[in-house]
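Chemist: just coords:
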């Protein structure tokens, strides 16, 4: 007795090869893997490493700005604004549009300013020329040591970059000096994928970020206390691989 079996499959997702094999149709497999590039610097993505690849969705977060250091004279105050948050961009890219190798750049967070130096800018993150996000500027160091009431404006967020969806980062908070013994350092700007460092009203260094790409909070120096700025959050590039 001969048994004959049949398999029914949806023609939207499956096809039968010349050898009679039931195969998935390329481009209909959905999300199969996700790559996370977290280390600042240059990397490479090779589509050929994934024979089943049909398209990629790329999410790019730039680095956030660092904040300035502060070193007030005795019985005086210096307050610093925070650094700006980095921008964010994303796009869906077909395999046919990708090159043999695509450059991946992860922007580093901006450096912390020492003494009375400004914070460094966050680095730009990108995936080839398809998706680019701009880094956030560092916090300024334009408030001199003193006792009179004054302010130091926060830093504007960066402009939107390149991609199907793109946006600039968040602006940082303004710093305020009330007297020779009181002040408030500004908060760091938020990013799409991170939260900026807190503002502070007690003497201390710039505050840390959370997540990816946010700006550092500002430093506050009271009565001759030398305080370093904070380091901005590193960026990240996420590549989702669809079959």
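Modeler: That came in fine, so what should we check first? Keep in mind the model is a prediction, meaning the values are calculated, not measured.
Chemist: you'd agree residue 119 is up against residue 70?
Modeler: No. Here residue 119 lies out of contact with residue 70, judged by Cβ atoms under 8 Å, at a distance of 11.0 Å. C-beta here means a position set from N, CA and C on the backbone, and glycine is covered the same way.
Chemist: quick one: common contacting residues for these two?
Modeler: Taking Cβ atoms under 8 Å, 6 or more residues apart in numbering as the contact criterion, the residues that touch both residue 119 and residue 70 are 141, 229.
Chemist: So which of those two has more stuff around it?
Modeler: Set side by side, residue 119 and residue 70 show unequal neighbour counts under other Cβ atoms under 10 Å, the larger going to residue 119 at 41 against 34.
Chemist: what sits against residue 157?
Modeler: Shown in contact with residue 157 (Cβ under 8 Å, 6+ apart): 84, 85, 87, 136, 168, 169, 170, 171, 189.
Chemist: Look up how far residue 196 lies from it.
Modeler: In this structure, residue 157 and residue 196 are 11 Å apart, going by Cβ to Cβ, to the nearest Å.
Chemist: Pull up the overlap in contacts between these two.
Modeler: Each of 85, 170, 189 lies in contact with both residue 157 and residue 196 under the rule Cβ under 8 Å, 6+ apart.
Chemist: With secondary structure as new columns, can those residues be given to me in a markdown table?
Modeler: Listed next are the shared contacts of residue 157 and residue 196 as a markdown table, based on DSSP: H, G, I helix; E, B strand; the rest coil:
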| residue | secondary structure |
| --- | --- |
| 85 | coil |
| 170 | coil |
| 189 | coil |
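Chemist: Looking at those residues, which one is closest to residue 152?
Modeler: In terms of Cβ to Cβ, no member of these lies closer to residue 152 than residue 189, at 14.8 Å.
Chemist: Let me see the confidence value for the closest one.
Modeler: Per-residue pLDDT puts residue 189 at 98.
Chemist: before we move on, what about residue 12?
Modeler: Confidence for residue 12, expressed as pLDDT, is 57.
Chemist: quick check, nearest of the shared contacts of residue 157 and residue 196 to residue 235?
Modeler: Of all the shared contacts of residue 157 and residue 196, the one with the least separation from residue 235 (Cβ to Cβ) is residue 85, at 10.6 Å.
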